[in-house]
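> What shape does this take:
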Amino acid sequence: MVIVAGVRSSVAWRYRQAPSSGSQIDRWRKAFVAGAALAGIGWGGAAILLYFQTSLTSQVFVLFVVGGMMLGAGSLLAPRTEAFLAFLVPAGLIPTVCLVLQGDKVHLGMALFAGLFTLATSLTTGHIHRTLETSIKLQFENRDLLERLRGANKEIEAANQALEARVRERTAELTRSTEQLKSEIAHRLEMEEELLRARKLESLGVLAGGIAHDFNNFLMVIQGHIELAKTRVKEGYAIDENLEQIARAYQRAALLSSQLLTFAKGGTPIRRLVSMADLISDSVQLARAGSSTSITVQLADDLGFAEIDPGQIGQVLHNILLNARQAMPKGGVIEVSAYRFVPSNEVEPRIRISIRDYGCGIAADVLPLIFDPYFTTKPSGNGLGLATAHAVVGKHGGQIFVTSKLGEGATFDVDLPASTECPSSKIPVVSDVKRGTARVLIMDDDAGVRYLLSTILNTLGYDAHAAQDGAEAIAMYEDAKTRGRPFEVCLLDLTVNTGMGGLETASKLKEIDPSAKLIVTSGYSDDPIMSDFARYGFDAVITKPSPPDEVCAVIAGVLMGSRDMTRH
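The predicted model follows:
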């Protein structure tokens, strides 16, 4: 055993010193198995060489020593099946055979246990071998798996880098596309603005022609009746009829001017409490003039009042009625009705005005477009009437609907918020203020307006003085206050072309006299000051043109302390 151990140690040392080479693996394996076999034979032979016939104890001791070596060698040689079998078989079988040869029962029993021990040790070592083999395989598999995972991670990293690069490229492309799209949108908006300007100019040209035609008619009526009045006065005849015709022409011109402002700017509504029955009746009366079309009117008794701009809503009704007339060129009947109702899921009442004609109707493909600006199916139309009507109704918090079938006419419904208030008292009429003695300051840049208002107010008993701009008005106000005869109310024109306007003048006058009574006047209804005059320090508002009786009524209301006396 010493020789075998020495040889095996020498072989092991040479194995460790030898370079790694796949071609030498089989030779080293055989040498290792041979060494194990020689060791097994040696330890098995010990059972013969050290066997004492007369001492059973010595025999058992030798068997235990050989068995211990078999157990130790089994655990060490388990990685190689041929190695542990080469050791265990001779180490276990030689003692077993030796015991069998003794022939007596005791030694035969010992031989049986030695054989079973050899078998059990071999099976256990085989189990250890399989466990080691599985463990080694798992190690290699884990190593391969780790390698694959590392490779997969590298591939994922490469893919991520490629994806990031692609995302950067796509982001750059999208950024370029976005910038290009913005540029195209800006260019398109510029083109649309240019087209809109062109359409506006074209529409304004059409409007200007119609407005000029109508104003020329009004001027002709006014001038003609003025000349007739002069002649009749000289001859001693009454001129009441001439003055009435002049007043009617003025009213129609004022309405046309209001319509023109509505078309041009759709100004902010200047609201006041208005009888809807009176407004609808006046609009129908205007639409009936010079037409062969009959208009029937049905108004509910409880129609009541609404907080609206009567000029703008009147324009809406006029536009719809005009369209209805034009839809029936051969005449017919237009039905106008109005009633008060409370919509479902709401608590505030509304007023619905329905205008129905039995004309040509509107095609289904055209119906969604009728409220678009500049859309028209009429050869001479400008496409602004219904668009303006829609905008005006929306600014009043209302809605406008249309239902129509081609060849069966059309129905327009206008819904407006109704008011639960009723005017408690009427504004004083002119006859009640003719004897007024209040001092009035008029600031207007138009000499004709200054002369007219001064003359009317002085005729009605007021002490009226006029200034052409804000600076002059402030100087006159301070001088009158210093003299002890201050102005009790001031009429300030909002827009002055060559000087201080009404808003700045009002601010200066309030600094001089916080109790100053101020009325703002203007021919433009779209300025926010006109719709919210109290917020800017004014006591009332007058829109131009207004008849003298209404101007005096507003002045009387302000002098009586009312801040909501508004007329237009």
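
> Specify which residues of the protein, grouped into ranges, have pLDDT under the cut-off.
20-23, 51-54, 195-214, 255-268, 289-291, 373-384, 423-436, 524-527, 562-568 (pLDDT under 70).

> Let me see the ranges of the strands in it.
For the chain, applying DSSP state E gives strands covering 272-275, 294-299, 305-308, 333-341, 350-357, 399-404, 410-417, 439-443, 463-467, 489-493, 518-522, 540-543, 566-567.

> Redo those as CSV? Include distance to V554.
(C-beta placed from N, C-alpha, C; glycine too.) Converted to CSV, the strands of the chain look like this (distance: least, Cβ to Cβ, whole Å):
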stretch, distance to V554
strand 272-275, 11
strand 294-299, 29
strand 305-308, 18
strand 333-341, 29
strand 350-357, 26
strand 399-404, 31
strand 410-417, 25
strand 439-443, 11
strand 463-467, 14
strand 489-493, 9
strand 518-522, 6
strand 540-543, 5
strand 566-567, 5
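
> how about these, which one is nearest D532?
Closest approach to D532 among these is made by strand 540-543 (9.5 Å; Cβ to Cβ).

> just to revisit the earlier point, what's the closest of the strands of the chain to M220?
strand 540-543 (25.6 Å).

> Distance from that closest one to the middle of the chain?
Strand 540-543 sits 38 Å away from the centroid of its parent chain (Cα atoms, centre = their mean, to the nearest Å).

> tell me what it is packed against?
If contacts are counted by 3 or more Cβ pairs under 8 Å, 6 or more residues apart in numbering; DSSP states H and E, strand 540-543 sits against strand 518-522, helix 548-559, strand 566-567.

> Just give me how far the second one sits from the chain centre.
Think helix 548-559. Distance, stretch centre to chain centre, for helix 548-559: 47 Å (Cα atoms, centre = their mean).

> go on, stretch 89-107?
100 Å.

> residues of stretch 230-250 that come out buried?
Under the neighbour-count criterion of 16 or more other Cβ atoms under 10 Å, stretch 230-250 has 232, 239, 242, 245-246, 249 buried.

> gap between that stretch and the chain center?
How far stretch 230-250 lies from its chain's middle: 61 Å, per Cα atoms, centre = their mean.

> same deal with stretch 186-194?
23 Å.

> May I see the buried residues of it?
Of the residues in stretch 186-194, none is buried (16+ other Cβ under 10 Å).

> go on, stretch 80-88?
Within stretch 80-88, the residues that count as buried by 16+ other Cβ under 10 Å are 81, 83-88.

> Out of the residues you listed, flag the one nearest to S283.
Lowest distance from S283 to these (Cβ to Cβ) belongs to T81, with 114.6 Å.

> follow-up on the earlier one: give me whichever of the strands of the chain is most buried.
Most buried of the strands of the chain, by mean neighbour count (mean count of other Cβ atoms under 10 Å): strand 489-493, with a mean of 26.

> Tell me which other helices or strands that one touches.
Using 3+ Cβ pairs under 8 Å, 6+ apart, strand 489-493 sits against strand 439-443, helix 470-482, helix 502-512, strand 518-522, helix 548-559.

> Need the buried residues of stretch 230-250 in TSV (columns: distance to H465).
Output for the buried residues of stretch 230-250, formatted as TSV (distance: Cβ to Cβ, whole Å):
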residue	distance to H465
R232	34
I239	30
N242	32
Q245	33
I246	28
A249	31
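
> Go through the buried residues of stretch 80-88 and say which is closest to C552.
Set against C552, the nearest of these by Cβ to Cβ is T81 (128.9 Å).

> Isn't that closest one up against I128?
No. Using Cβ atoms under 8 Å, T81 makes no contact with I128, being 10.6 Å away.

> related to what we said a few turns ago, to L452, which of the helices and strands packed on strand 489-493 lies closest?
Here helix 548-559 is closest among the helices and strands packed on strand 489-493 (Cβ to Cβ), at 8.4 Å.

> so that closest one versus strand 489-493, what angle?
120 degrees (axes from the mean of the first three to the mean of the last three Cα atoms, to 10 degrees).

> what's the burial count for P349?
16 (other Cβ atoms under 10 Å).

> who touches the closest residue to it other than its chain neighbours in this structure?
In space, and not counting its chain neighbours, P349 is closest to A418: 4.2 Å by Cβ to Cβ, 6 or more residues apart in numbering. By Cβ atoms under 8 Å, 6 or more residues apart in numbering, A418 lies in contact with 276, 304-306, 340, 348-351.

> With respect to A159, which of those is nearest?
The closest of the contacts of A418 to A159 turns out to be E348 (Cβ to Cβ; 63.5 Å).

> So what does that closest one look like in phi/psi?
phi -90, psi 130 (degrees, to the nearest 10).

> Give me the nearest residue to it, chain neighbours excluded.
Closest residue in space to E348, ignoring its immediate chain neighbours: P417 at 6.4 Å, by Cβ to Cβ, 6+ apart.

> ok, the one you found - contacts?
Contacts for P417 (Cβ under 8 Å, 6+ apart) come out as 306-307, 348-351, 396-398.

> can you tell me which helix in this protein is longest?
helix 105-235 (DSSP state H).

> If you count contacts, what does it end up packed against?
helix 56-77, helix 81-102, helix 240-265.

> Flag every buried residue along the first one.
Buried residues in helix 56-77, counted by 16+ other Cβ under 10 Å: 59, 62-63, 66-67, 69-70, 73-74, 77.

> Distance to T498 for the helices and strands packed on helix 105-235 - can I get that in CSV?
As requested, these are exported to CSV (distance: least, Cβ to Cβ, whole Å):
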stretch, distance to T498
helix 56-77, 119
helix 81-102, 120
helix 240-265, 22
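
> For V11, find the nearest of the ones you listed.
Closest among these, once you apply Cβ to Cβ, is helix 81-102, at 13.0 Å.

> Distance from the chain centre to stretch 105-118, please.
The answer for stretch 105-118 is 97 Å, by Cα atoms, centre = their mean.

> Now tell me what touches that stretch from outside.
By Cβ under 8 Å, 6+ apart, stretch 105-118 touches 56, 59-60, 63, 67, 70, 88-89, 91-93, 95-97, 99-100, 102.

> Pop the domain breakdown of this protein in here.
2-152, 271-417, 430-567 (automatic domain parsing).

> How far does the first one stretch from one end to the other?
Counting by Cα to Cα, to the nearest Å, you get 54 Å between the two ends of domain 2-152.

> on that earlier part again, let's have the domains of the chain in a markdown table, adding distance to E190.
Shown next, in a markdown table, are the domains of the chain (distance: least, Cβ to Cβ, whole Å):
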| stretch | distance to E190 |
| --- | --- |
| domain 2-152 | 55 |
| domain 271-417 | 18 |
| domain 430-567 | 26 |
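
> Out of those domains, flag the one nearest T171.
The nearest among the domains of the chain, by Cβ to Cβ, is domain 2-152 at 27.2 Å.

> And L49, how far from L559?
Distance, L49 to L559, by Cβ to Cβ, to the nearest Å: 150 Å.

> returning to what we had before: in TSV: the contacts of P417, plus distance to T121.
Supplementary listing: the contacts of P417 in TSV, determined by distance: Cβ to Cβ, whole Å:
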residue	distance to T121
A306	113
E307	112
E348	104
P349	108
R350	106
I351	112
H396	108
G397	104
G398	106
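
> and those residues, which two are the farthest apart?
Greatest spacing in those, by Cβ to Cβ: P349 and H396 (14.6 Å).

> Nearest to D463, out of the contacts of P417: which one, please.
Minimum distance to D463 across the contacts of P417 is 35.2 Å, recorded for E307 (Cβ to Cβ).

> residues contacting the closest one?
Contacts of E307 (Cβ under 8 Å, 6+ apart): 271-274, 417, 419, 421.

> Mind doing that once more with 6 Å?
Neighbouring residues of E307 by Cβ atoms under 6 Å, 6 or more residues apart in numbering: 271, 273, 419.

> what about the closest residue in space to V520 that isn't next to it in sequence, neighbour count?
Spatially, and ignoring its direct neighbours in sequence, V520 is nearest to F538 (4.5 Å; Cβ to Cβ, 6+ apart). F538: 25 surrounding residues under other Cβ under 10 Å.

> Start at 45, not 1
Noted, 45 is the first residue going forward, which turns the last one into F582.
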